[in-house]
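Engineer: For reference, the sequence and a predicted model appear below.
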Protein chains: 2
Amino acid sequence: MLDNFFHAQSIAVVGASRSPGKVGYDILKNIIQYGFDGSVYPINPGAPEILGKKAYPSLMDVPGEIDVAVIVVPSKNVLEIIDQCGTRKIDSAIIITAGFKESGIEGSKLELELIRRAKQAGVRFIGPNCLGVIDTHSKINASFAAGMPAKGSIGFFSQSGALCLAVLDRALPDEIGFSKFISMGNKADITDMDIMLALAEDDNTKVILGYIEGVSDGRKFMEVAREVSRKKPIIILKSGITASGAKAASSHTGALAGREAAFDAAFKQSGIIRAHTLNELFNFALAFANQPVPRGPNAAIITNSGGPGILAADACDKSNLQLIPLHKEYVDELRTFLPPVASFYNPIDILGDSGAERYEKTLNTVIKDERINSIMVLLTPTAVVDVEATARAVINVARLIDRPILTSFMGKKSVEAGARILMKHGVPNYSYPEEMVSSLNAMYRYHLWLHKPEKNFPVYEGYREKAAQIFEKVKRDKRDRLHELEVHDVLQAYGFSQPKSLFVRTPEEALAAAKGIGFPVVMKIVSPQISHKSDIGGVKINLNSKKEVENAFFEITTRVRNILPSAHIAGVLVQEMVPKGREVIMGITSDPQFGHMIMFGLGGIYVEVLKDVSFRIAPLSREDAYEMIRETKAFPLLRGVRGETEADIEAIEKSLLVLSNIASDFPHIIEADINPLLVRNRGEGVVAIDARFTIGGN
Amino acid sequence: MLDNFFHAQSIAVVGASRSPGKVGYDILKNIIQYGFDGSVYPINPGAPEILGKKAYPSLMDVPGEIDVAVIVVPSKNVLEIIDQCGTRKIDSAIIITAGFKESGIEGSKLELELIRRAKQAGVRFIGPNCLGVIDTHSKINASFAAGMPAKGSIGFFSQSGALCLAVLDRALPDEIGFSKFISMGNKADITDMDIMLALAEDDNTKVILGYIEGVSDGRKFMEVAREVSRKKPIIILKSGITASGAKAASSHTGALAGREAAFDAAFKQSGIIRAHTLNELFNFALAFANQPVPRGPNAAIITNSGGPGILAADACDKSNLQLIPLHKEYVDELRTFLPPVASFYNPIDILGDSGAERYEKTLNTVIKDERINSIMVLLTPTAVVDVEATARAVINVARLIDRPILTSFMGKKSVEAGARILMKHGVPNYSYPEEMVSSLNAMYRYHLWLHKPEKNFPVYEGYREKAAQIFEKVKRDKRDRLHELEVHDVLQAYGFSQPKSLFVRTPEEALAAAKGIGFPVVMKIVSPQISHKSDIGGVKINLNSKKEVENAFFEITTRVRNILPSAHIAGVLVQEMVPKGREVIMGITSDPQFGHMIMFGLGGIYVEVLKDVSFRIAPLSREDAYEMIRETKAFPLLRGVRGETEADIEAIEKSLLVLSNIASDFPHIIEADINPLLVRNRGEGVVAIDARFTIGGN
């Protein structure tokens, strides 16, 4: 669909102006100036001609066909122009005009009407409130940016027009090449998803770069990104402040799902490489646009100085990359021509008196070692080194291999010309060694993503039906929390083991229940108003006798009545006292943009104090479940420390997947916790000791 | 002492050369070319004149006085030249020549001899194996660097000559100003400490910048840095690989003290601002060199675009800075001249159509709010904005206040001229908003350091004597571990509460002991070869009866005999079973560069699995003890979670201070752990349940 924008043969600028400095002038000028070779129609009721092009009073007066309308008229006139587009069968528009959603309530209304009218008219549009669109390959610069980026392979989209300007301005002097440059504005019609899909199909685009502040449909965004990231790397800078923000939380899962947890999970699950700063966005883009992705973690560093070599090695240490020594054979080869005091291992320090020739010989030896997946070349501007010749030496070698070479020619004055040679020939150069390493590491992480197995989302059939009537009843009752017993039945429906338990209303019933279950027992208050029972003394454990059970019944109910007089006490649950084991917590929370998320963490302190938890957007794949358990710092506790046996990690994985199914089956769930889920030793399964469910939509 | 170098009136270049490209030529040329106005004496036995200066066959032939000798002769001749310096009463030398410690064993020997001979001759020297020294204010460029930095206030020293070259080369085109530029080389005589002290006294230096790979005397380094950082900010980039590296560890403390823990602690304790990348080193230096330190965390952001404003706000969110709204009065003032759709809070978005005037008016309003401690100005290169005029507007305002203003004029092409104006007038500009924020944050952290109370190092008298004889006995016995009972006595000497305990050799004695102490008891193996008793089943707890005690004695000894047949079993310790409480661990470890470090963490899992520990170099101040407890993530457990009462945190602080005293009293301790130290509720103290000590030097 974006093809119409990028292969336009004729463009009308509605609101074209004769006054330099006006947006309607700048856009027209950019279209003409940067070599668009189709027809250009300025639309302006008061001008016969602008910038040498015949102007027309309205779209209706243009004689030929129009592929794209660029709209720069005041916001109040935009709807009318869209209608005209419909009449003229112009199906693509770029709405530069501001004054829509971004400007308040009136603007929001206008934007809704714009969306409706455009749909009616059959017009797809970019914007409103945007800077425009640039395609360097078809030479379209339908924007009011002050310049045209060099032709290249980076496709960039941005929710902020200002970021577009800054990126373009940063790119111009270094001739960093872009394929497309798309300012999305308010994303009222065409969104980041449409753009990612279009860039995925665009032969001129090798890497997709984006800046976003939020997404409209988180799940669809992930689906699209997951598909696209299998074909091309997507690097996104996401700013955080505007995201979901704080929200009331009635569960641990909810409280721990900070505003960034959802985006972090979504990016991870859909293969998006997250840039954390604008600088990183640039650095990563340069690497991906110019060099192949490494096929493994083994990197070699060649340097003409120790200090910078150490800085690079330190950075590798913090990355997924590893510096392995060359195979002995090649170390021996290095010895034949490097000075004896050189360092032959990795970083390979070829010393400060190196010229270009020594660099090239070393590189030619290093590339013979097929176990080396990537090469980094460091250069300090010594008096001896010929920077430009060394740049050419690097290029010569880069041409021979399909493994990535990145450089850090450090400094500025003496290395600028060399850096330009490198960049021109597709070897990205970084001023600082740490940035070189982190860019290479981003590529390696993308390699790992590409080689992940296809995701597998297990669906458990036959559970939903049993639980559905419970959720329906809660809804009918206009409650938002499930009772203790309802929670029990839902978990049972989904096959969770639970402690034997009986619901009782009197001390006598409690005693009978305890005898039936067998001592010792646990007793818990059952009240729809009480979610964290133990916090208010609503739980007694390890009750071993008639007397203890009777006392407990009395104590629990009295205590709750005192603390929360308004709570309705349905009764007490008498439960089997489950032997101790490792406790984990898993939960469902609901993110405004991505919907259900699943949380995992080790129980108690690990969750509450250390906040050592992991998140994934539901539904979970097997791999997600596998990874999120291992992502927590406390994971070794499940493996077993100090001679403990391993916990039943597979059963935890299965439970996470089942919980994810519950989330999918019941979209109305707002929050849920299974806390604790008791994990027995390997092969022995898990037991859901306690849980809570909150639903919405009432 | 470094004054001689920087105020030299006469310099001899020993090994001056007539051949361009040779170091001995480049240095002489640099000295002459960059305007040194004293006497210059090339020393070369074969040349009557070099670069227009009369040359002399040797130092001995120079008629006048010589303040500094720059030595470029081959390494084998350096000693002779040093001797000549002694004879000629030249007390300062810069030894450029390489081939010393850095080149292997022979070189190391030569360096030791050099140190000896220089001392004999009364010569202090920088190097060997260095690039030289630059002083922009006295116009001395006694280096072979290709250029002279602009005059400025950054004093830079580096252990790597290559880093010097890279930094200089990076600084030259942007005219970043330096006061001094010192390549330290092997630091055989003059060290980073001497240089920090000299720069602290140097009126031309405002900020001290350094690159180090290691330090020779960690404690002295800290002492000097602590003193200097009270006067001037010290920013250091420290690379890690070459540091202590892995080492065998017989205690948790040892195992957790990674190679970076000591430097991190040392920097923290001595007020050094650590740069984590070379880029950060530059960014921080620019801020400190040009702007005053903020007096509080409140920052205001003024921006002409939303996206970059959000990026900056995000970065603030991760920093110690905070964005507060202006006082209502000033918000109202902003409303009088900003467009109504501007954002009046913080970031203050003055919109994309802002010109320089709107920036200046906004700035003038913002500075009226005295609660705002610092200001950041963001600019996106829109078509409307006049970048240079805006730069001048910022400067006008910066002149009026003594609060810091930092800018991020984003992009490159359109902002370069403006950025240059800003930099020239002392307002540091950053290409990326995140870098601006982190630089301002570094300044704010320095402000916090400056306002920390003077450190207070409590010394506990009267304990040492009692413990000394124990350590002496262990030494006499040529053991490296203290026995269980010795450990007990040391802790007792220092006033640690311990469980009642009795050492026994037979089951009968064990029973009698248990009766004496009172059931239940704990029993532990006592063997000098066994350090982690519970790992091998050498501990039995909660023994409640005669039978259990007798069985335990049998089981423990048999088990240990089976697992470690070589271990000498001295007997068994019968101990009071201390009621449960919160457990912490504290320990002593020994870093090769900094000596004793003290570790703190919560016991068990928190230390072993989560590695949630903190370190400080001993001796600890009260503040160190206070901070290191609070630095651990698990700290809230000590405060009390889920209705628990607070643990006796003050008693932990005291224990850390006492442990630090033990470390100071017995320098031979290599490692020690008190693990666990049981912490009772507030006011009730702590009990050392178990501990181990390892000493060295046997």
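Structural biologist: Arrived safely. Because the structure is a prediction, the values reported are computed rather than measured.

Engineer: can we go C-alpha only for contacts and neighbour counts from here?
Structural biologist: Noted.

Engineer: do the helix or strand harbouring residue A:236 and chain B meet at all?
Structural biologist: Assessed by DSSP states H and E, residue A:236 sits inside strand A:234-238. No: judged by CA under 8 Å from any CA of the partner chain, strand A:234-238 makes no contact with chain B; its nearest approach is 8.6 Å.

Engineer: Could you name the helices and strands sitting against that strand?
Structural biologist: strand A:207-212, strand A:273-275, helix A:278-290 (3 or more CA pairs under 8 Å, 6 or more residues apart in numbering or on different chains; DSSP states H and E).

Engineer: mind putting these in CSV, mean pLDDT and distance to residue A:130 included?
Structural biologist: Output for the helices and strands packed on strand A:234-238, formatted as CSV (pLDDT from 0 to 100; distance: least, CA to CA, whole Å):
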stretch, mean pLDDT, distance to residue A:130
strand A:207-212, 96, 14
strand A:273-275, 96, 23
helix A:278-290, 95, 20
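
Engineer: can you put these in CSV and add distance to chain B and mean neighbour count?
Structural biologist: Shown next, in CSV, are the helices and strands packed on strand A:234-238 (distance: least, CA to the nearest CA, whole Å; neighbours: other CA atoms under 10 Å in any protein chain shown):
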stretch, distance to chain B, mean neighbour count
strand A:207-212, 9, 24
strand A:273-275, 12, 21
helix A:278-290, 6, 23
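
Engineer: coming back round to it: what's the average pLDDT for the strand holding residue A:236?
Structural biologist: For strand A:234-238, mean pLDDT is 96.

Engineer: now that strand, how far from the chain's geometric center?
Structural biologist: In terms of CA atoms, centre = their mean, to the nearest Å, the gap separating the centre of strand A:234-238 from the centre of its chain is 7 Å.

Engineer: Check stretch A:222-234 too.
Structural biologist: The answer for stretch A:222-234 is 11 Å, by CA atoms, centre = their mean.

Engineer: before we move on, back to that, can you say which of the helices and strands packed on strand A:234-238 is nearest to residue A:391?
Structural biologist: helix A:278-290 (15.2 Å; CA to CA).

Engineer: what packs against the closest one?
Structural biologist: Using 3+ CA pairs under 8 Å, 6+ apart, helix A:278-290 sits against strand A:150-158, strand A:207-212, strand A:234-238, helix A:433-450.

Engineer: Which residues outside the third one are in contact with it?
Structural biologist: Going back to what we said before, that points to strand A:234-238. Strand A:234-238 is touched from outside by A:207-214, A:225, A:228, A:271-278, A:281, A:284-285, with contacts defined as CA atoms under 8 Å, 6 or more residues apart in numbering or on different chains.

Engineer: One more: the second one?
Structural biologist: With contacts defined as CA under 8 Å, 6+ apart, strand A:207-212 is touched by A:153-160, A:163, A:196, A:199-200, A:232-239, A:281, A:285, A:288-289.

Engineer: and the residue nearest the centre of chain A, what element?
Structural biologist: Per CA atoms, centre = their mean, the C-alpha nearest to the average position across chain A is that of residue A:267, at 2.0 Å. Under the criterion of DSSP H and E, residue A:267 resides in helix A:261-269.
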